[in-house]
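**Q** sequence? don't have it. structure:
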């Protein structure tokens, strides 16, 4: 039973699998929880804990690929009881950008709404529909009235929808030749009525964060159930 389980937010699934494959971490399994739980963070702690308890029968160690994710410290408190490491930081934006880069991006403009590749691709469902904005457009300003920009942290270069490297149209809408991720990000910014900025992160900062907690977990296998 010398296997490691990574319990991850579903929003990180694609990047997590890419990093594990590139790093040849052959003894690592992945269990993803629904990304939409970010809209209901009270579900994250019991969901992660359930996976940890089940893993005691099947895995020698567990890593958690979550930030605090709106749990108000409850996730960390639970993980400490179980002796489990998680990715450092409050949310996945810092994983993808790297903590120093993220701080440099965030500090000058705190009113920033961040997009990852996953959130850009699923913005309509997770934000516009699940937060009720499509049904009640007045909610947009209630939720986002204090934001000043959208910052797209692009993990991977998207393939183009058409030929060439197109720009947005005059009103900021996606053009037919935008890369897919950029087109999704432009559409999200347009829906929020905010300007868009793009910062390409790649996967190296996320890989470094994963490697750090993997080393910590290897040195400290899963302890006995504290209950």
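**A** Here it is on my side, so go on. Remember, it's a predicted structure, so these values are computed and weren't measured experimentally.
**Q** what's around residue 28, how many residues?
**A** 19 (other C-beta atoms under 10 Å). Placement of C-beta: from N, CA and C, glycine included.
**Q** Could you find the closest non-adjacent residue to it?
**A** Residue nearest to residue 28 in three dimensions, not counting chain neighbours: residue 4, with 4.8 Å by C-beta to C-beta, 6 or more residues apart in numbering.
**Q** Quick check: beta-bridge partners of the one you found?
**A** Partner residues in beta bridges with residue 4, using DSSP bridges, are residue 28, residue 61.
**Q** For it, which residues are in contact?
**A** Residues in contact with residue 4 (C-beta atoms under 8 Å, 6 or more residues apart in numbering) are 25, 27-29, 59-63, 214, 217.
**Q** Nearest to residue 196, out of the residues you listed: which one, please.
**A** Closest to residue 196 out of the contacts of residue 4 is residue 63 (33.1 Å), distances taken as C-beta to C-beta.
**Q** Give me the phi and psi angles of the closest one.
**A** Here is the backbone geometry of residue 63 (degrees, to the nearest 10): phi -120, psi 150.
**Q** Touching, it and residue 6? I think so.
**A** Yes. With contacts counted by C-beta atoms under 8 Å, residue 63 reaches residue 6, the gap being 4.8 Å.
**Q** if I look at the two, which residues touch both of them?
**A** residue 210.
**Q** Which one's more surrounded, those two?
**A** residue 6 (26 against 23).
**Q** and the residue nearest to residue 89 when sequence neighbours are not counted, how many residues sit next to it?
**A** Using C-beta to C-beta, 6+ apart and skipping the chain neighbours, the partner closest in space to residue 89 is residue 67 (5.0 Å). For residue 67, the count of nearby residues is 21 (other C-beta under 10 Å).
**Q** Check residue 137 too.
**A** 10.
**Q** ok, now residue 129?
**A** The local packing of residue 129 (other C-beta under 10 Å) involves 13 other residues.
**Q** dump the residue contacts of it.
**A** Applying C-beta under 8 Å, 6+ apart, no residues contact residue 129.
**Q** Per-residue pLDDT of it, please?
**A** Predicted confidence (pLDDT) for residue 129: 95.
**Q** contacts for stretch 111-126?
**A** Contacts for stretch 111-126 (C-beta under 8 Å, 6+ apart): 11-15, 35-36, 38-39, 91-93, 96, 105-106, 127, 144, 146-156, 158, 180-181, 184-185, 187-188, 191-192, 194.
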